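*Asks:* Just the structure for this:
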Amino acid sequence: MHKTAVWLLGFMAFSGASAQERLVYDFESKTPKPQLSNAEYGLVSRLANTAFKQAAWYKIFGDEYSPLSGTSCPEFRVMGKAKGSFTQQKTEQIAYLYNCFHGGMSAAQGIVIAQNGKATAHYTFAGQMFNLYSVRDINRNGYSELALEGSYGDGGGGAALELGIAEFKPQRRYLAYFGIDTNMTVYAQKLDYSQNAPCPFPTWQGRNIWVTPGATPQFRSQLLGGGCDGETVTWRSDKRVPLTVRPLPTDWNPGPL
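*Replies:* The predicted model follows:
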């Protein structure tokens, strides 16, 4: 299922679920690579390259940034694209997630919001985000939210996935964040070096996340998991467990326009 359509399909039936509750993160959905016009690519790459020339990530990466030279991002790539009303209500805007270069365990990344082919917002940060999609106004304030998916090592050689649901207006913040900082990753491998283990990571656990929209959105989690291949679901809970979340700062810095 296309993740950008998750908010459209959130009404799908599930035993015991509220009529208002909808799916906001589907572990099994696959998102296609973003399709960009030449104009879109040019807009995002110009802003990314300008941020690079202005040393937008220097304070984050320090010495790892210093050896980089040139006037353009060494590893520029647009990672995701999503439509919504992020900074202006009832207006079609497009959000782009890009990579500029990698430094250590993180990448120099940015988000550009465009309207009618012109950038209206730009933020830079360090992260490992690999996708984004639009979420349809879960706190009922007239603005779309932006969901960002990321990955990181768990410190034991395994992989974990994070999800942040951010809003830009009336204030820029994560409405909810599911990751290592909140001990609620949306995916984590389980390391097992024992002699009888069929593979180094014989089990993994993930979760689908559901939300009931409101001034304070209510989130619930449905656990699922599998075995050595790291992605095939072999079991799924029939329960949805309430999650306690709180808004968090994004740590994004305004970038050049």
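
*Asks:* contacts and neighbour counts: CA atoms only from here.
*Replies:* Will do.

*Asks:* Which positions within the longest helix seen in the chain qualify as buried?
*Replies:* Secondary structure of the chain per DSSP state H: the longest helix is helix 38-53. Along helix 38-53, these residues count as buried under the neighbour rule (16 or more other CA atoms under 10 Å): Glu40, Leu43, Val44, Ser45, Arg46, Leu47, Ala48, Asn49, Thr50, Ala51, Phe52.

*Asks:* Quick check: phi and psi on the residue nearest the centre of the chain?
*Replies:* The chain has Leu148 as the residue nearest its centroid, 1.3 Å off, counting by CA atoms, centre = their mean. Phi and psi for Leu148, reported as degrees, to the nearest 10, are phi -120, psi 130.

*Asks:* Next up, the contacts around it.
*Replies:* Residues in contact with Leu148 (CA atoms under 8 Å, 6 or more residues apart in numbering) are Met129, Phe130, Asn131, Leu132, Tyr133, Leu163, Gly164, Ile165, Ala166.

*Asks:* 6 Å - rerun?
*Replies:* By CA atoms under 6 Å, 6 or more residues apart in numbering, the contact list for Leu148 reads Asn131, Leu132, Leu163, Gly164.

*Asks:* Now do the SS call for the second one.
*Replies:* Taking DSSP: H, G, I helix; E, B strand; the rest coil as the rule, one finds Leu132 in the strand state.

*Asks:* Do I have it right that it meets Ala147?
*Replies:* Yes: counting by CA atoms under 6 Å, Leu132 does reach Ala147; the two are 5.4 Å apart.

*Asks:* what about the strands in the stretch 1-150 of the chain?
*Replies:* 22-25, 77-84, 93-103, 106-115, 118-127, 129-135, 145-153 (DSSP state E, counting those that start in this stretch).

*Asks:* Those into JSON lines, with extra columns for mean pLDDT?
*Replies:* Formatted as JSON lines, those follow (pLDDT from 0 to 100):
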{"stretch": "strand 22-25", "mean pLDDT": "95"}
{"stretch": "strand 77-84", "mean pLDDT": "96"}
{"stretch": "strand 93-103", "mean pLDDT": "95"}
{"stretch": "strand 106-115", "mean pLDDT": "96"}
{"stretch": "strand 118-127", "mean pLDDT": "97"}
{"stretch": "strand 129-135", "mean pLDDT": "95"}
{"stretch": "strand 145-153", "mean pLDDT": "90"}
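
*Asks:* that older thread, would you list the buried residues of helix 38-53 in a markdown table and tack on pLDDT and distance to Lys81?
*Replies:* Compiled in a markdown table, these are given as follows (pLDDT from 0 to 100; distance: CA to CA, whole Å):
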| residue | pLDDT | distance to Lys81 |
| --- | --- | --- |
| Glu40 | 98 | 10 |
| Leu43 | 98 | 13 |
| Val44 | 98 | 11 |
| Ser45 | 98 | 14 |
| Arg46 | 98 | 16 |
| Leu47 | 98 | 15 |
| Ala48 | 98 | 15 |
| Asn49 | 97 | 18 |
| Thr50 | 97 | 20 |
| Ala51 | 96 | 19 |
| Phe52 | 94 | 21 |
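
*Asks:* if we take these, which one ends up nearest to Ser72?
*Replies:* Nearest to Ser72 among those: Asn49, at 4.6 Å, using CA to CA.

*Asks:* For that closest one, give me its contacts.
*Replies:* Asn49 neighbours (CA under 6 Å, 6+ apart): Ser72, Cys73.

*Asks:* same deal with the one 4 residues further on?
*Replies:* Contacts were defined as CA under 6 Å, 6+ apart; by that measure Lys53 touches Thr71.

*Asks:* Dump stretch 242-251 to PDB, restricted to CA.
*Replies:* Extracted C-alpha coordinates of stretch 242-251, given in PDB (Å, rounded to 0.1, in the frame of the first residue of the first chain):
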ATOM      1  CA  PRO A 242      -2.700   2.900  24.100                       C
ATOM      2  CA  LEU A 243       0.500   4.800  23.700                       C
ATOM      3  CA  THR A 244       1.600   7.800  25.900                       C
ATOM      4  CA  VAL A 245       3.200  10.400  23.600                       C
ATOM      5  CA  ARG A 246       4.200  14.000  24.100                       C
ATOM      6  CA  PRO A 247       5.300  16.700  21.700                       C
ATOM      7  CA  LEU A 248       9.000  17.100  21.200                       C
ATOM      8  CA  PRO A 249      11.200  19.800  19.500                       C
ATOM      9  CA  THR A 250      12.400  18.900  16.000                       C
ATOM     10  CA  ASP A 251      16.000  20.400  16.300                       C
END
